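Engineer: how would this look folded up:
(chains A, B and C)
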Amino acid sequence: MKINRRLFLGGTAMALTAPWVNRAFAADDIMIASIYDLSGGLEIYGQPIDACLDLAVSELNDAGGLLGRKVKVQKYDPQSNIQLYTQFATEAATSLKASAVFGGITSASREAIRPLLGRYQTLYFYSPLYEGGVCDRNTFLTGSTPSQTIGQLMPFAVKNFGKKVYVLAADYNYGQISAKWVRDYTGKAGGEVIAAEFFPLDVTDFSAAIQKIQRDKPDVIYTLLVGGNHMSFFRQWAAAGMAGKIPIVSTSFGGGNEHIVLTPAESDGVMAAFGYFQEIKSPANDAFVKRYHQKFGDKAPYVTEHASATYNAVHHWANGVRKANSLDRMAVIEAIESGSTVAGPGGPSTIDPKTHHCATDVHIGRVKNHSFEILESFPNQPPADTAAVCNLAANPNDNQQYVIQ
Amino acid sequence: MTVMALSRSGGVHVALAALAALAGIVILPNAAPLYTLINVTLYMSMGVFALSLALLWGYGGILCFGQSAFFGLGAYAYAVAAINFGDTTLAAVFAIGVPALFAAGLGYFLFYGRLSDVYLGVITLTVTLIFFKLINSTGGDAWRIGAARLGGFNGIPTTPLLTIPFTRIPMSPAQMFIFAAISLFSTYALCKGLIVTRFGRAVIAVRENEMRAELLGYNARRLKLAVFVISAGIAGLAGLLFANSVFVSPTMFSLSMAAQVLIWVVVGGLGTLFGPVAACFALQIATAVLGKLGIVDPNIVLGLVLIIFVVFVPGGIQPAFAALLHRLMDIRADRPVAGEVAR
Amino acid sequence: MDYFLVVLFQIAGTVGNLALISVGLAVIFGMMRVINLAHGEFIMLGGFAAIFGVQAGINIWIAMLVVAPLSVAFLGIVVERLIMRRLYGRMVDTMLASWGLSLLLIGLATTFFGNRVVGIAAPVGSFQIGTYSLGAYDFVLTGIALAVFSSGYALLRFTPAGLIARATMQNREMASSLGIEPARVYAITFAIGAGLSGLAGGLLAPISGVLPTMGVAYVAKAFITVITGGASVITGTALSSVLLGSINTVSTFLTTPVIGDVALLLAATIFLRILPTGITGRIFKGAP
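Structural biologist: Residues are numbered from 1 along each chain as shown, chains lettered A, B, ... in the order given. Presented below is the predicted three-dimensional model:
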């Protein structure tokens, strides 16, 4: 007899829906999940973050683990694809039952997984610097926000270079909202934003913008450009003979290794404000960088603020677990809220219980020959932008991202 | 009617698919872990998307490089309508209606302009790229439709979940799964049914030879337009499902999304319906697993799979599989192996 | 006034840029009806070749103008042998196979070169128009584009090799029966097309930097330019580059880069609706 091909295939139609991957872990390990892009366009941000997460976890395990158990990381690579972020976050929460999830680089990926982890009651840590305003009791944010960095950089720029500011920003939430903060802090510092231009992440041609800048003659340029494509701005700026003619300040330059990729001729003199630079001179940071290079070798990627804040995030979580003496989500949240300070590589990072953000030291650095020289440091800056709108102690059920008007 | 004849008419496949869908609906929500359920829901939404192009390209002969335009448009129409109306049932109608309406306009522009072949492909590609660029640049506050902020690159993470009609209760993952399974099955049945109607046969006739069909009195342009609109509506439904399992973002319009669906259809088999859905499931699972293993860059594997399929399995998996099966059956029945094997 | 002049210069730069990124695709598509979706990755590899050349101590001009095109042309020969040769005449299949190749090359480049932007400094300085300072490199690009197009035109129009290429392109069977070996012509054409893409990549490296995923940004633009140009490889691509490049630059200056890109795409759509076989399908018919 002869079975028709389609008959056969039709019968197997739903066989594919059987559960597939399911692996066993040693029963007494504490599982945490990390979801950072290790391939695709955002890899350059993900690599140092991933390394610092590993470093922090291995420090915990070397010190005997937590609650007498080893900490184990399940890594997911979402390949710079938002759809995979949601899939992996769901899996980490519902299948892996991770004690905490560390993940998300862009604000878009954070907003994709934050509601999911809230729904599935899984503790979430977001560590890259971002535009501020997230108010969610299930989420801790260890990166810097505009009031901490822009709030220091803008008065510095207006005082030293002049009042007319031209803003170039990436065209998405981070750039748009940060640009508003730049406008706000420029006004407070007595300056004025004369123009703000926004560029989608795939733009590589900045020649029109460079001519417009020359027409408008600002005293200082503020860049909030993000990613590999936007580095073209600095190349074309230098190629047009403009390097060094108008000072450039930024709160994103360096976060994606821009100062290493670009030549000194293209990038020297650019000034940036971050919660961390690998070049910070302090005993804590010297020891940290030494440990980092011991573990990953001399060619390990430059440690960005995103990465150092991820290191801090793991230790904040560990503080909470130790203090609560439990892995229960609410117990850990309350323990961290009751006070957690990590002696991080960039200075102490202290949880602000009302906003779940961190008070950190902020530094202004200037690029010289592929590295930053630290110009000024501002100890213990509070996350004032988010604190103005968010109070989780008073409204524990608040769950939204506030945006500056 | 014999079983064979029934099978040829497609009725048996539909019945089998119905049985499979029913089995899935009954068993999976209780037996499978939550994440499997959610992932399968997502894959089924992509399966609907694969069907939209399988119908348009495989049976209508229209190679659309920009099928993602309708996919994204459906999702955005749903999200914007749902945020504004608060009622998701009407929004779901928008998700199918808006892309279909847009396709009617675009299709009129294309088919009545006598564009064909690769030029048609290029225009549909530019259309989806225009959407991609425009939506990507709506990051500012000024970009809003009613109460819905378009959100640019970030998309609309606050896309409301579908509610059960006439209530305000959002669907649970299990209910969402059932809804997606029913949608996938209905779309499959619709396509299957469509190609055996007079209309479907006329569409296939146009695919085979447009001039001959016209000389026989068929209005080729109207037929093409009709199948284009139907396919866009299906893609819109897929967008609606996708919006409910992930959320709405500009990547839905992207070049990779547009190319991905082409790959499913090719790997599955052009001119088949089940094949593209199977290929879609298989490749989605492969991408997710590779991302978890992290040994090899997923692009390398996907690229190799595609090259190997195009060069060595040009008909796609469904025909190749069927040919293999025929061969096995023939050997078992002691028939001559050569001759009617393969095709 | 100065500003107006600056905009004019910028238009020339954009046109040259667009023409360069399209020409490799135009040769392969126009001559062989192969849609090479790995075109963007050929550009990317050209960029890497130029940068590695410079890092190995080769003069930057030689790295950009010789090393980049030659290495990608070599890759083109390999690809033609292994994949494309089996697929001639199956337009959709070539497109899909080259898309697979595109993914494969992105994956390999990411694995071996790392997913980070690398770049080299532009080898020429800047010049002044009034108070405006402009990069001179854009005009070097435009000049090279002009040279490529005019020599391409001359090659196709006036040499025996060009005649053979055009004959094979018009009627493969006829050419074959006249003693021309289409397989060889196709192999050479593919290699030349790939080499031109490599050249574009090498020349773009100082402007945009090189990244494994950079090709995606170019392939759609190039594809649209080539199709808008129509049947004539050289004339068509040149005309549509001028047209689309001007529209793009003017609208970018007037508004934002996004609107500039959208204007380019819209213009291409409308043109194809009016002239369904591209510019040279109706006017300048028969020019190479």
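Engineer: CA only for contacts and neighbour counts going forward, please
Structural biologist: OK.
Engineer: and chain C, which residues reach chain B?
Structural biologist: Applying C-alpha under 8 Å from any C-alpha of the partner chain, we find that chain C lies next to chain B at C:83, C:86-87, C:93, C:96-108, C:110-111, C:223-224, C:227, C:258-259, C:261-262, C:265-266, C:269, C:272-273, C:276-277.
Engineer: In ChimeraX, how would I select the buried members of these?
Structural biologist: A single ChimeraX command selects the buried members of these (16 or more other C-alpha atoms under 10 Å in any protein chain shown):
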select /C:83,87,93,96,97,98,99,100,101,102,103,104,105,106,107,108,110,223,224,227,258,259,261,262,265,266,269,272,273,276,277
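Engineer: Please flag which of the residues of chain C next to chain B sit within strands.
Structural biologist: Per DSSP state E, strands hold no members of those.
Engineer: Surely B:Leu223 and B:Ala205 touch.
Structural biologist: No. Counting by C-alpha atoms under 8 Å, B:Ala205 is not a contact partner of B:Leu223; they are 10.1 Å apart.
Engineer: right, and B:Asn84 touches B:Arg149 too?
Structural biologist: No. The pair B:Asn84 and B:Arg149 does not pass the contact test of C-alpha under 8 Å, sitting 10.4 Å apart.
Engineer: Looking at the two, which one has more neighbours?
Structural biologist: More neighbours surround B:Arg149 than the other of B:Asn84 and B:Arg149, with 20 against 15 (other C-alpha atoms under 10 Å in any protein chain shown).
Engineer: Bridge partners for that one, pull those for me.
Structural biologist: Beta bridges link B:Arg149 to B:Arg144 when assigned by DSSP bridges.
Engineer: So it sits against B:Pro157, correct?
Structural biologist: No. Using C-alpha under 8 Å, B:Arg149 makes no contact with B:Pro157, being 10.2 Å away.
Engineer: Just give the closest residue to C:Val6, not the sequence neighbours.
Structural biologist: C:Ile129 (7.2 Å; C-alpha to C-alpha, 6 or more residues apart in numbering or on different chains).
Engineer: Give the full set of residues in contact with A:Ala284.
Structural biologist: A:343-347 (C-alpha atoms under 8 Å, 6 or more residues apart in numbering or on different chains).
Engineer: How about the strand or helix carrying it, which residues are buried there?
Structural biologist: Element membership for A:Ala284 (DSSP states H and E) is helix A:283-296. For helix A:283-296, burial by neighbour count (16+ other C-alpha under 10 Å) applies to A:285, A:288-289, A:292.
Engineer: For the one residue sitting closest to the centre of chain B, give its distance to B:Gly107.
Structural biologist: Note on chain B: the residue nearest the mean C-alpha position is B:Phe49, at 1.8 Å, using C-alpha atoms, centre = their mean. According to C-alpha to C-alpha, to the nearest Å, B:Phe49 and B:Gly107 sit 19 Å apart.
Engineer: now do C:Ser241
Structural biologist: Separation of C:Ser241 from B:Gly107 (C-alpha to C-alpha): 27 Å.
Engineer: And for B:Ala322?
Structural biologist: For B:Ala322, the distance to B:Gly107 (C-alpha to C-alpha) stands at 35 Å.
Engineer: And for B:Ser254?
Structural biologist: 21 Å.
Engineer: ditto for C:Ser102
Structural biologist: The value you get for C:Ser102 to B:Gly107, if C-alpha to C-alpha is used, is 30 Å.
Engineer: Next: B:Phe70.
Structural biologist: B:Phe70 is 12 Å from B:Gly107, by C-alpha to C-alpha.
Engineer: Can you pick out the residue with more neighbours from the two?
Structural biologist: When B:Phe70 and B:Gly107 are compared for neighbours, B:Phe70 comes out ahead with 33 against 23, by other C-alpha under 10 Å.
Engineer: what secondary structure does the more buried one sit in?
Structural biologist: At B:Phe70 the chain is in helix, as set by DSSP: H, G, I helix; E, B strand; the rest coil.
Engineer: what about the closest residue to chain A within chain C, neighbour count?
Structural biologist: Minimum separation of chain C from chain A (C-alpha to the nearest C-alpha) falls at C:Gly135, amounting to 3.7 Å. By other C-alpha under 10 Å, the residues close to C:Gly135 number 22.
Engineer: what sits against it?
Structural biologist: Shown in contact with C:Gly135 (C-alpha under 8 Å, 6+ apart): A:236, A:239-241, C:124-127.
Engineer: cool, and B:Arg114?
Structural biologist: Neighbour list for B:Arg114: C:Pro276 [criterion: C-alpha under 8 Å, 6+ apart].
Engineer: That one falls within a helix, correct?
Structural biologist: No. Secondary structure of B:Arg114 (three-state DSSP): coil, not part of a helix.
Engineer: Sort out which residues of the helix or strand containing A:Gln74 are buried, please.
Structural biologist: Remark: A:Gln74 resides in strand A:71-76, with elements defined by DSSP H and E. Buried residues in strand A:71-76, counting neighbours by 16+ other C-alpha under 10 Å, are found at A:71-73, A:75-76.
Engineer: could you dump those to a markdown table with pLDDT?
Structural biologist: Putting those into a markdown table (pLDDT from 0 to 100) gives the following:
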| residue | pLDDT |
| --- | --- |
| A:Val71 | 94 |
| A:Lys72 | 93 |
| A:Val73 | 94 |
| A:Lys75 | 91 |
| A:Tyr76 | 90 |
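Engineer: tell me which of these is nearest to chain C?
Structural biologist: The nearest member of these to chain C, counting by C-alpha to the nearest C-alpha, is A:Tyr76 at 17.6 Å.
Engineer: what sits against the closest one?
Structural biologist: A:33-36, A:88, B:291-294 are the contacts of A:Tyr76 under C-alpha under 8 Å, 6+ apart.
Engineer: Now, the residues you listed that are in helices?
Structural biologist: A:88, B:291-293 (DSSP state H).
Engineer: From the residues you listed, pick the one nearest C:Gly13.
Structural biologist: Nearest to C:Gly13 among these: B:Gly291, at 40.8 Å, using C-alpha to C-alpha.
Engineer: What separation do you get for the closest one and chain A?
Structural biologist: Distance of B:Gly291 to chain A, computed by C-alpha to the nearest C-alpha, to the nearest Å: 5 Å.
Engineer: Please tell me I have it right and that residue contacts A:Asn81.
Structural biologist: No. With contact defined as C-alpha under 8 Å, B:Gly291 does not reach A:Asn81; the gap is 10.4 Å.
Engineer: can you pull up the bridge partners for the residue of chain C closest to chain A?
Structural biologist: Applying DSSP bridges, one finds that C:Gly135 bridges with C:Ser126.
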